[in-house]
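> Sequence and computational prediction follow.
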Amino acid sequence: MLLGCIGDDFTGSSDLANMLAKSGMKTIQYCGVPDGPADASVEAGVVALKSRTIPVADAVRQSLEAVEWLLEQGAQQIYFKYCSTFDSTPEGNIGPVIDALMERLGAEQTVVCPAFPATGRTVYQGHLFVNDRLLSESGMEHHPLTPMRDADIRRWLAPQTTGSVGHVGAQTVRDGADAIKEALREEAANGRTLIVVDTIADDDLHQIGAAVRDMKLVTGGSGLGLGLPANFRDAGLLGQGGAGWQGSSGRAAILSGSCSGQTRRQIGEYAAANPALKIEPEAVLSGEMTPQAAVAWVKEQPAGIAPLVYSSADPDVVRAAQAAFGREEVASALEGFFAAAAVQLVADGYERLVVAGGETSGAVVEALDLLALDVGPEIAPGVPALKAAGRPVFVALKSGNFGDDVFFAKALDVLKGDAT
Ligand SMILES: Nc1ncnc2c1ncn2[C@@H]1O[C@H](COP(=O)(O)OP(=O)(O)OP(=O)(O)O)[C@@H](O)[C@H]1O
Ligand SMILES: O=C(O)[C@@H](O)C(=O)CO
């Protein structure tokens, strides 16, 4: 293993795995820290954690366990992957995890590079944009678990870390890898250890990637993954990339706990022409709606059509449910609901599952006990088709904001292996 990655959620990890696989590294996504060694063919290993919104101490502990395993596999560089919308709160978990990884690795400086231009996430003057909106006006200010109310990543990160936050601006990045390296050295001389790097386009990511070749720890969204494989390739360390990937035409279902605007548009599009069951948090919490009842409904639908089960709701509805029952209580009840439904569906022979939402996907994949996922073709930027090792289970784990309006239909096709 050359590059060892730790993802703070499951969809984000598959986003990074997709980027690295596309860029020519043989990549496997692990669901949690594996018990045994990685296959010798793996060049990039992505350990997916569900640590984005858990208590800080747990996120730090799990990330340190992951880094130990990755180092044991021979990883030469560690990549901490978080969301391209920098999902976190004033307490964490991004800052505390970076601090702990830096200390473990003896890293004196790291980059903070959330940008993913292919999906409209760019960083300019230290501020994160989603397309033409500041992060804090993009809809992310309504996120159920990590409402992002400030687009200035330097200001948002500062209270989360014991390190000192610095910045490399867009003009320097445009001047190329040597200029970035020099700016990083200047920031180091000024005692700055976590450096937010402006990134507007893919070419910036290639330059940043080259500039951070010798860093022990890099951090960011999946975008930075575009720039790193060339370092290993130039050093003559890469093989031929991944082997072929075969999908399944087995029965399929879609599960969505994501409440993002984009997921809600995708649901609107899909539900207009296909069977869809809306899950109300109140009904799950009261026991009126059970995973068994939802699975029974799925199985009643016409063969050949993938039914959609979703709890996704508008921000004001989400807020009302959280106010009535508690944010954690609603989230954990719904995540448990989708996890149990997925386990039942797979037990009943469903082979293709499309899951929307990072937390939701984490709950589903953990409950299914899918230990390792082989990365297949890209469905949309940031979302690959995945195949469980040794089991006929094919999944697409969609980050809330990813995919175009017809994503669900496309994902079902790509998982079949008959579309690219
Ligand atoms: N109707 C609802 N009311 C309140 N909370 C909900 C509702 N539906 C889903 N949730 C919770 O909101 C959270 C959504 O987070 P999740 O990570 O799954 O989606 P997302 O944030 O859109 O995706 P991503 O993290 O990939 O961007 C989950 O914990 C889910 O259980
Ligand atoms: O970086 C992103 O936007 C995604 O991979 C993600 O982490 C959303 O959960």
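Arrived safely, thanks for sending. Ligands and ions are numbered 1, 2, ... in the order given.
> what does the stretch 201-350 of the chain put close to ligand 1?
Listed as neighbours of ligand 1 in the stretch 201-350 of the chain under the rule Cβ under 6 Å from any ligand atom: 257-260, 263, 281, 311-313, 318, 321-322, 330-331, 334-335. All C-beta spots, glycine's among them, are computed from the backbone N, C-alpha and C.
> measure whichever residue of the stretch 101-250 of the chain sits closest to ligand 1 to residue 58 for me?
Nearest residue of the stretch 101-250 of the chain to ligand 1 (Cβ to the nearest ligand atom) works out as residue 144 at 3.9 Å. Applying Cβ to Cβ, to the nearest Å, the value for residue 144 to residue 58 is 19 Å.
> Those two - which one has more neighbours?
Neighbours per residue (other Cβ atoms under 10 Å) separate residue 144 from residue 58, with residue 144 holding more: 23 against 13.
> got the contact list for stretch 255-267?
With Cβ atoms under 8 Å, 6 or more residues apart in numbering as the contact definition, stretch 255-267 has outside contacts at 139, 143-144, 276, 308-315, 318, 334-335, 338, 341-342, 353-360, 363-364, 398-403, 405-408.
> filter these down to the ones near ligand 2?
358, 399.
> among the contacts of stretch 255-267, which ones are buried?
Restricting the contacts of stretch 255-267 to buried positions leaves 139, 143-144, 276, 308-313, 315, 318, 334-335, 338, 341-342, 353-360, 363-364, 398-403, 407-408, with burial counted as 16 or more other Cβ atoms under 10 Å.
> Give me the helices and strands touching the top helix by length along the chain, please.
Longest helix in the chain by number of residues (criterion: DSSP state H): helix 327-347. Of the remaining helices and strands, those touching helix 327-347 by 3 or more Cβ pairs under 8 Å, 6 or more residues apart in numbering; DSSP states H and E are strand 252-256, helix 281-286, helix 291-300, helix 315-325, strand 352-356, helix 358-368.
> let's go with 6 Å and repeat that
When contacts are defined as 3 or more Cβ pairs under 6 Å, 6 or more residues apart in numbering; DSSP states H and E, helix 327-347 packs onto helix 281-286, helix 291-300, helix 358-368.
> Spell out which residues of the stretch 251-400 of the chain are next to ligand 2.
358, 382, 399.
> What's the local residue count around the second one?
This means residue 382. Neighbour count of residue 382, defined by other Cβ under 10 Å: 26.
> do the same with residue 393
Residue 393: 22 surrounding residues under other Cβ under 10 Å.
> Contacts only, for it.
Applying Cβ atoms under 6 Å, 6 or more residues apart in numbering to residue 393 gives the contacts residue 346.
> if we go to 10 Å?
Residue 393 makes contact with 248, 250, 342, 345-346, 350-353, 365, 368, 370, 373, 386-387, according to Cβ atoms under 10 Å, 6 or more residues apart in numbering.
> Would you mind giving the helices and strands packed on helix 327-347 as TSV with mean pLDDT added?
As requested, the helices and strands packed on helix 327-347 are exported to TSV (pLDDT from 0 to 100):
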stretch	mean pLDDT
helix 281-286	97
helix 291-300	98
helix 358-368	94
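> Residue 218: which of those helices is closest?
Of all the helices and strands packed on helix 327-347, it is helix 358-368 that lies closest to residue 218, at 20.6 Å by Cβ to Cβ.
> And the next helix or strand past that closest one?
Sequence order places strand 372-380 as the next helix or strand after helix 358-368, per DSSP states H and E.
> and the next helix or strand after that next one with strand 352-356, angle?
For strand 372-380, the succeeding helix or strand toward the C-terminus, using DSSP H and E, is strand 383-388. Computed by axes from the mean of the first three to the mean of the last three Cα atoms, to 10 degrees, the angle separating strand 383-388 from strand 352-356 equals 130 degrees.
> Looks to me like the residue of the stretch 101-250 of the chain closest to ligand 1 is in a strand.
No: counting by DSSP: H, G, I helix; E, B strand; the rest coil, residue 144 is not part of a strand but coil.
> Excluding chain neighbours, what is closest to residue 52?
Distances taken as Cβ to Cβ, 6 or more residues apart in numbering place residue 8 nearest to residue 52, at 4.4 Å, with adjacent residues excluded.
> How about the contacts made by the residue of the stretch 101-250 of the chain closest to ligand 1?
With contact set as Cβ under 10 Å, 6+ apart, residue 144 has these partners: 53, 257-260, 313, 315, 318-319, 321-322, 327, 330-331, 334, 357, 359, 400.
> Could you rerun that using 8 Å?
Residue 144 is in contact with 259, 318, 322, 327, 331, counting by Cβ under 8 Å, 6+ apart.
> and the closest residue to residue 169 other than its chain neighbours, how far is that from residue 129?
Of all residues not flanking residue 169 in the chain, residue 198 sits nearest, at 5.3 Å (Cβ to Cβ, 6+ apart). The spacing between residue 198 and residue 129, counted by Cβ to Cβ, is 11 Å.
> Domain ranges for the protein, per the record?
Per automatic domain parsing, the domain ranges recorded for the chain read 3-234, 252-416.
> Can I get the ones you listed in TSV including distance to residue 244?
Output for the domains of the chain, formatted as TSV (distance: least, Cβ to Cβ, whole Å):
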stretch	distance to residue 244
domain 3-234	12
domain 252-416	9
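> so how far is residue 271 from the one residue in the stretch 151-300 of the chain that gets nearest to ligand 1?
For the stretch 151-300 of the chain, the residue closest to ligand 1 is residue 258, as judged by Cβ to the nearest ligand atom, at 3.2 Å. Per Cβ to Cβ, residue 258 is found 14 Å from residue 271.
> Those two: which has the busier surroundings?
Between residue 258 and residue 271, counted using other Cβ under 10 Å, the more crowded position is residue 258 (28 against 16).
> need the contact list for the closest residue to the more buried one other than its chain neighbours.
Leaving aside its chain neighbours, residue 258 sits nearest to residue 357 (3.2 Å; criterion: Cβ to Cβ, 6+ apart). Taking Cβ under 8 Å, 6+ apart, we find residue 357 in contact with 11, 256-260, 263, 312, 398-400.
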